[in-house]
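Peer 1: Structure, please.
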Amino acid sequence: MRKSFLFMLFFTFSVILTGCNFFEEQKAKSIIKDYYQAIIDEEYEKAFEQVHLYDVDSKTGDGHFTDGTTLSYEEAKVFYLEKINILKEQNYKLEDFKIEEVEYEDGHSFWHHIKLMVDQDGQKFEWNEVAEIYEGKLVIGEKDDPNAIYRDGRMKFEIEELKGN
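Peer 2: Below is the predicted model of the structure:
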């Protein structure tokens, strides 16, 4: 009887813990899919709504996503769309994406590994990046894609300085 009770207690706690992460993972996948699909469909205002915005220092590149942005909503949207225009000038087209895996750090914190299929000026590239959710918005990190800065949530840097890259 005691073994049955302990087994049931262990099983219940396992289901509860797994269930909590399961729903958070599904919510994150939904946000990730909405963002990348919006980029594919060139619905950039929709993509803007999915990303977490944060300032970076133009000179040092420093800035952390937890600090947020000092720009107003409208200023941030204008800046984001300016960044997107650079992608368009470079004939950058996200063609497809795939969520490869979910990685857990401590049993609770997690991020998704994403593979991107990009066409840029007729050349095909496969890039990898990770994405996590912070305060209900997407944070894109550890990127291979050198143009990711033009579609992620980083704000307040000198766009002109990066155009040649």
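
Peer 1: Buried residues, stretch 36-53. List them.
Peer 2: Neighbour counts over stretch 36-53 (16 or more other C-beta atoms under 10 Å) mark 36-40, 44, 47-53 as buried. Heads up, the C-betas are built off the backbone N, CA and C, glycines and all.

Peer 1: Report the separation between the two terminal residues of that stretch.
Peer 2: 16 Å (C-alpha to C-alpha, to the nearest Å).

Peer 1: Residue 86 belongs to a helix, doesn't it?
Peer 2: Yes: when DSSP: H, G, I helix; E, B strand; the rest coil is applied, residue 86 is found to be in a helix.

Peer 1: State the distance from residue 38 to residue 84.
Peer 2: 11 Å (C-beta to C-beta, to the nearest Å).

Peer 1: Check the closest residue to residue 47 other than its chain neighbours and give its pLDDT.
Peer 2: Spatially, and ignoring its direct neighbours in sequence, residue 47 is nearest to residue 38 (3.9 Å; C-beta to C-beta, 6 or more residues apart in numbering). Residue 38 carries a pLDDT value of 98.

Peer 1: what helix or strand does residue 38 sit in?
Peer 2: Applying DSSP states H and E as the criterion places residue 38 in helix 2-40.

Peer 1: Pull the residues that contact the next helix-or-strand element following that helix.
Peer 2: Per DSSP H and E, the first helix or strand lying C-terminal to helix 2-40 is helix 44-50. Identification of contacts with helix 44-50 by C-beta atoms under 8 Å, 6 or more residues apart in numbering yields 31, 34-35, 38-39, 76-77, 80-81, 84, 137-138, 151.

Peer 1: Dump those residues to CSV, plus distance to residue 104.
Peer 2: Shown next, in CSV, are the contacts of helix 44-50 (distance: C-beta to C-beta, whole Å):
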residue, distance to residue 104
31, 18
34, 23
35, 21
38, 27
39, 26
76, 31
77, 33
80, 30
81, 35
84, 32
137, 20
138, 18
151, 26
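
Peer 1: Quickly check these for the two that are furthest apart.
Peer 2: Longest distance between any two of those is 20.0 Å, between 31 and 81; criterion C-beta to C-beta.

Peer 1: higher neighbour count, these two?
Peer 2: Between residue 31 and residue 81, residue 31 has the larger neighbour count (other C-beta atoms under 10 Å), namely 20 against 12.

Peer 1: wouldn't that one be in contact with residue 139 here?
Peer 2: No: contact between residue 31 and residue 139 fails when scored by C-beta atoms under 8 Å: they sit 10.3 Å apart.
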